[in-house]
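Asker: Give the three-dimensional model of this entry:
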Amino acid sequence: QNPAGLRLDVEADGDRITARHTVTRAHQSYDGTVHGGIITALLDEVMGWAVFIKGDWGVTARMSVTFRAPVPLGEELVATGWIERDRGRGLETKGELVRAADGTVLAEADALFLRMPEGQRAALERRYGAEPAVLAAVRAAIDEEERQRA
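Answerer: Next comes the predicted model:
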């Protein structure tokens, strides 16, 4: 709902979350390239959604991004995130940003998300609802994809 946000539409494919996005000049760094903070935000979002679709509310505790190539403005990008390992309170995640046209890997990330303490989670659920409509839609899509595969 943030008017200045990236306004990503996420899609779930099993345990992977994908978002397609074309970055505009509003998020430019050097001429014609995307700012590294925006690249990081894209990766953080898809990794965070990978946590969220599992029914957890989490926060990013640590994140590392490797920039493989300059990310051009105006080209469709695909950001993908997934949980690599569940360590109890912490969830290790991975993310990747590729150019949609040719699959070139432009950036990669790994992060540690911490599950929110119950009190904090309860407060967020009171504010946003126990299962916001977007989460319900993502879960329904995952369920439908799994039914079609069966």
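Asker: Ile38 - that's part of a helix, no?
Answerer: Yes - secondary structure assignment places Ile38 in a helix (DSSP: H, G, I helix; E, B strand; the rest coil).
Asker: Isn't it up against Thr24?
Answerer: No - using Cβ atoms under 8 Å, Ile38 is not in contact with Thr24, being 10.1 Å away. Bear in mind the C-beta positions are built from the backbone N, C-alpha and C, glycine included.
Asker: Of those two, which one has the most company?
Answerer: Each of Ile38 and Thr24 has its neighbours counted (other Cβ atoms under 10 Å); Ile38 has more, 17 against 10.
Asker: ok, now how distant is that one from Ala79?
Answerer: In this structure, Ile38 and Ala79 are separated by 11 Å, where distance is defined by Cβ to Cβ, to the nearest Å.
Asker: what's the answer for Ser29, then?
Answerer: In this structure, Ser29 and Ala79 are 17 Å apart, going by Cβ to Cβ.
Asker: Between the two, which has more neighbouring residues?
Answerer: Set side by side, Ser29 and Ala79 show unequal neighbour counts under other Cβ under 10 Å, the larger going to Ala79 at 28 against 15.
Asker: hang on, the more buried one packs against Ala19?
Answerer: Yes - using Cβ under 8 Å, Ala79 is in contact with Ala19, at 4.9 Å.
Asker: got any residues that touch both of the two?
Answerer: Residues touching both Ala79 and Ala19 comprise 8, 42, 45-46, with contact defined as Cβ atoms under 8 Å, 6 or more residues apart in numbering.
Asker: contacting residues for the residue most central in space within the chain?
Answerer: If you average the C-alpha coordinates of the chain and look for the closest C-alpha using Cα atoms, centre = their mean, you land on Val46, 0.9 Å from that point. By Cβ under 8 Å, 6+ apart, Val46 lies in contact with 8, 10, 17-19, 79-81, 95.
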